[in-house]
Each structure stands twice: as C-alpha cells, then as structure tokens.
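Trainee: Sequence and predicted model, in that order:
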Amino acid sequence: MSSPTAIVAEDEATLRHQLVEQLEQLWPELAIVGEAADGVQALRLLDEHQPDVLFLDIQMPGATGLEVARQASGRCHVVFVTAYDEHAVAAFDQGAVDYVLKPVAAARLFTAISRVRQRLGSPPARLESTIAQIASGGPSSSKQFLRWINASVGQSLKLITVDEVAYFQADNKYTRVVTGEGEALIRKPLKDLVDELDPNQFWQIHRSTLVNATSIAGVARDFRGRMMVKLKTRVETLLVSDSYTHLFRQM
C-alpha cells in the first residue's frame, strides 16, 4: 500500500513549518506533497496532487479556507486548523475528520492523526453542512471572536492570546500588538482587526487605537484638556478622541 499524502495550507509561514515538522515526527509515513500559503495556492495543489489528507487553516487570504474546504469536500479527508475553538467544535460535530487549535499541541495533533488514519479506508466526508455551520458563525447565533494573534517579533513569530493584549495601534499597513511585556507587529490593518475582536472587550478610543477594557487603570486629562487612558501594565497613556469619550462617562 502506498504512503498517504497530505497538503498543509496555513498562511503564517512559521506556523506552517512547525506543523509540517510535527507531522513528520508524529506520522513519518505521511508524504507531505505540498504547502500552501494562501487559499489560491491550496486550490492549485489540491487539483495537482489530489492528496489523501488536507490540513487546512480556516482563515486564509486569497480564496478563504472555507472556499478551499468546499472544493475538498468528498475528495480528501480534512483536518481544520484554527484559532477559533467554536469553529473547530462545530466542524468536528458536523462530521469533518478532526480539528486542531492554534497553537498546535503535539498531543492534540497526535489524536487528530490517529482519527485520520482510522478513516483513510473510508470515503472522505462531505463538508457542505460543516461549511455552512462555520460560515454562519458556529452552532450558536452569537458571533465568534478572535482568541489568538500570530504576531512578528523580529524574525520570529509569537502566539499571543487576545487577553494578554493591552492595546492595538495602527502602524501604516501593520498593527502594533502591545502587551505588558512588550510589543509585536501583525500584517493586518486595524480596521480589519476591529471586526474580529469582541467589542465588549476591545474599545476603539481613537481611529488608530483599540484598547483592552480589562487593561484600563483609569482616565485623566492632560494639560490641554484631552482625555487620556492610563493602563495597568504600561507606563504610556493613550489618547481618546472626542468621538469616543462617551465610553468613559461611567468612570
């Protein structure tokens, strides 16, 4: 019997390489025939190699992970890779092979591999209902928000929980991710990030700044009368635009 083949589709290069290395260690018989950095590349590799297994990030640029999943439905076994646990649980409950959460833990990946190997002799699952479930925001009607940030610190990639973030601040085409311990950059404009974060936790206080409400120590006025946010874990203060001062009327 020939070795099973797989494609790994993940837009963050460091995470993709880590996942490939983990797969090589935990499933040495698996032949990884392609790596995709975006949805368009994943679709091309899917047609070119017709793999047995697809490790697929739900959130990808180009063609989205869900669009790739539509094309993979019934053609190969799919393991969703996601930072959204609600998405993953919905996918698994609806009959997808399995899922792993970012950051990918070796023990959880091993469990997913074991389940995939058991299903290799069976026809791949149809994913239409799974995709519809994920696209609609999961099993509940509430929107699912981002839990992890994949941010660049120098030449390395750091996984940061959103709860660790004190504030986000626009920096040209990038966004600064500032925590109590330091800062990093993500390749996403602030305006796109706003829609992915829980507005009850992250307040927009300026067109260039989102602050974690749990990180706010208080507010004060500077010598020019402008409202400034004081933080629990940072020494700097953050300017509040006049249009957002209403957020602090109860403080």
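Mentor: Arrived safely.
Trainee: show me where pLDDT drops low in the stretch 1-150 of the chain?
Mentor: 1, 61-63, 84-97, 134, 136-144 (pLDDT under 70).
Trainee: Break down it into its strands, ranges please.
Mentor: 5-9, 31-36, 53-57, 77-82, 98-101, 148-153 (DSSP state E, counting those that start in this stretch).
Trainee: got the angle between the fourth one and strand 148-153?
Mentor: Relative orientation of strand 77-82 versus strand 148-153 (axes from the mean of the first three to the mean of the last three Cα atoms, to 10 degrees): 70 degrees.
Trainee: what is the orientation angle of strand 77-82 with strand 53-57?
Mentor: Computed by the same axes, to 10 degrees, the angle between strand 77-82 and strand 53-57 is 20 degrees.
Trainee: Sketch out the strands for the stretch 151-251 of the chain, chain order is fine.
Mentor: 156-161, 165-171, 174-179, 183-186, 202-206, 209-212, 216-221, 227-231, 237-239.
Trainee: Show me which residues of stretch 32-41 are buried.
Mentor: For stretch 32-41, burial by neighbour count (16 or more other Cβ atoms under 10 Å) applies to 32, 34, 35, 36, 37, 38, 39, 41. In this view, the C-beta of every residue, glycine as well, is placed from N, C-alpha and C.
Trainee: How much space separates the first one from residue 186?
Mentor: It stands for residue 32. 27 Å (Cβ to Cβ, to the nearest Å).
Trainee: again, but for the last one
Mentor: In this structure, residue 41 lies at 21 Å from residue 186, with Cβ to Cβ as the measure.
Trainee: what's the answer for the third one, then?
Mentor: Taking Cβ to Cβ as the measure, residue 35 and residue 186 are separated by 21 Å.
Trainee: re the thing from before, tell me the most buried of the strands of the stretch 1-150 of the chain?
Mentor: Of all those, strand 53-57 carries the top mean neighbour count, a mean of 28, counting by mean count of other Cβ atoms under 10 Å.
Trainee: so what does that strand touch, helix or strand wise?
Mentor: With contacts taken as 3 or more Cβ pairs under 8 Å, 6 or more residues apart in numbering; DSSP states H and E, strand 53-57 sits against strand 5-9, helix 39-49, helix 65-72, strand 77-82.
Trainee: Distance to residue 205 added to those, as JSON lines?
Mentor: Below are the helices and strands packed on strand 53-57 laid out as JSON lines (distance: least, Cβ to Cβ, whole Å):
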{"stretch": "strand 5-9", "distance to residue 205": "36"}
{"stretch": "helix 39-49", "distance to residue 205": "34"}
{"stretch": "helix 65-72", "distance to residue 205": "32"}
{"stretch": "strand 77-82", "distance to residue 205": "30"}
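Trainee: returning to what we had before: can I get the strands of the stretch 1-150 of the chain in JSON lines with distance to residue 108?
Mentor: Formatted as JSON lines, the strands of the stretch 1-150 of the chain follow (distance: least, Cβ to Cβ, whole Å):
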{"stretch": "strand 5-9", "distance to residue 108": "16"}
{"stretch": "strand 31-36", "distance to residue 108": "19"}
{"stretch": "strand 53-57", "distance to residue 108": "13"}
{"stretch": "strand 77-82", "distance to residue 108": "11"}
{"stretch": "strand 98-101", "distance to residue 108": "5"}
{"stretch": "strand 148-153", "distance to residue 108": "14"}
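Trainee: quick one, which of those is nearest to residue 127?
Mentor: For residue 127, the closest of those is strand 77-82, at 6.4 Å, according to Cβ to Cβ.
Trainee: Great, nothing more from me.
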